[in-house]
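K.L.:
this one's structure only:
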């Protein structure tokens with residue numbers, strides 16, 4: 001199990017600080033779509049989801065399930081991010 005989604009995302013997105021992540025939502029979303037975030041503790045995923053996107057982690061997972069196998073953006077994704 002991975003230990004810190006905040007640090008990992010900061011590195012993957014190319015941010016200098018974790019506080020930059022909410023301003024890079026699109027880049028974070030693309031990484032989440034490509035790499036399963038389930039390797040992190042659920043409590044940390046909840047905190048990360050609220051910090052970056054302002055929604056529960058269940059909302060993020062729901063959007064990912066809706067989008068599975070589709071390349072077109074959904075309206076909810078566009079309005080959230």
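P.N.:
That came in fine, so what should we check first? What you see is a predicted model, and the numbers here were worked out from it, not measured in a lab.
K.L.:
these two touch, right, residue 45 and residue 37?
P.N.:
Yes: between residue 45 and residue 37 there is a contact under C-beta atoms under 8 Å: 5.8 Å. Any C-beta I mention is one placed from the backbone N, CA and C, and that applies to glycine too.
K.L.:
can you list residues touching both of the two?
P.N.:
Here residue 45 and residue 37 have residue 5 as joint contacts, going by C-beta atoms under 8 Å, 6 or more residues apart in numbering.
K.L.:
ok, residue 4 touching residue 47?
P.N.:
No: applying C-beta under 8 Å as the test, residue 4 and residue 47 come out as separate, 10.8 Å apart.
K.L.:
For residue 62, which three-state class applies?
P.N.:
helix (DSSP: H, G, I helix; E, B strand; the rest coil).
K.L.:
Near it, how many other residues are there?
P.N.:
13 (other C-beta atoms under 10 Å).
K.L.:
now swap in residue 3 and tell me
P.N.:
10.
K.L.:
What backbone torsions are found at it?
P.N.:
In terms of degrees, to the nearest 10, the main-chain angles of residue 3 are phi -110, psi -40.
K.L.:
Against residue 41, how distant is it?
P.N.:
8 Å (C-beta to C-beta, to the nearest Å).
K.L.:
now residue 50
P.N.:
On the measure of C-beta to C-beta, residue 50 and residue 41 end up 15 Å apart.
K.L.:
Fine by me, we can end here.
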